[in-house]
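A.B. asks: Could you work out the structure for the sequence below:
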Amino acid sequence: MSKVEIYDPAMCCSTGVCGPGVDPELLRVSAMLNVLESEGKKILRYGLSEDPMAFVMSKTVNDLILNEGVEVLPVTLVDGEVKKKKGYPSNTELATWVGLSEEELLKLVVKAQMASVINN
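C.D. replies: Predicted structure coming up:
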C-alpha cells in the first residue's frame, strides 16, 4: 500500500479550514484525506506551522524549499517520490495513488456523508 504525504504551507490551523473565509480546495482535500484515513490508507499531512521538523527531516521536501522557496508548497510525496508541487492533488490523483478508482473514492465519500447525517 502506498504512503501519501502532503506538506502544507503555513496556515492558521492544521487543516486550513478554519476562520471566516474557508478555502473550498482545502475543505475538499481535508474531506478526501479523512475518508481515505478512515479506510486505513496511509495518509500523512504535515503543516509548516505545526510540524516544521517534518520539513527538515524530509530531504526531498527540504531540498525543494531550499531550491524553489516556500512557494513550492503544498508538495505531495507518494512513497517518497514527488508527485505534485504548488497545488493539492485532485480526487483522481489521490484515488490512483492509494489504489482506488475515482468512482470507489466517491462512493466512500458518499458513505461517510451518510454516516455523518445518521449520527447527527
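A.B. asks: make it CA atoms for all contacts and neighbour counts henceforth
C.D. replies: OK.
A.B. asks: For stretch 48-63, buried residues please.
C.D. replies: 48, 54-55, 61-62 (16 or more other CA atoms under 10 Å).
A.B. asks: Let me know the closest of those to T76.
C.D. replies: V61 (9.2 Å; CA to CA).
A.B. asks: what about the strands in the chain?
C.D. replies: 3-8, 42-47, 75-78, 81-85 (DSSP state E).
A.B. asks: closest one to V117 among these?
C.D. replies: strand 42-47 (24.6 Å).
A.B. asks: Now do the closest one: which elements does it pack against?
C.D. replies: With contacts taken as 3 or more CA pairs under 8 Å, 6 or more residues apart in numbering; DSSP states H and E, strand 42-47 sits against strand 3-8, helix 24-38, helix 52-57.
A.B. asks: can you give me how far that strand is from the chain middle?
C.D. replies: Computed by CA atoms, centre = their mean, to the nearest Å, the chain-centroid distance of strand 42-47 equals 6 Å.
A.B. asks: who does it pair up with?
C.D. replies: Strand 42-47 has its sheet partners listed here by DSSP bridges as strand 3-8 (parallel).
A.B. asks: Output the strand it pairs with in CSV, but only the C-alpha positions, please.
C.D. replies: Presented in CSV, the C-alpha positions along strand 3-8 are these (Å, rounded to 0.1, in the frame of the first residue of the first chain):
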residue,chain,number,x,y,z
LYS,A,3,2.1,6.1,1.6
VAL,A,4,0.8,9.6,0.6
GLU,A,5,2.4,12.6,2.4
ILE,A,6,1.2,16.1,2.0
TYR,A,7,3.4,19.0,3.1
ASP,A,8,1.2,22.1,3.6
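A.B. asks: That strand: how far from the chain's middle?
C.D. replies: That offset, for strand 3-8, works out to 6 Å (CA atoms, centre = their mean).
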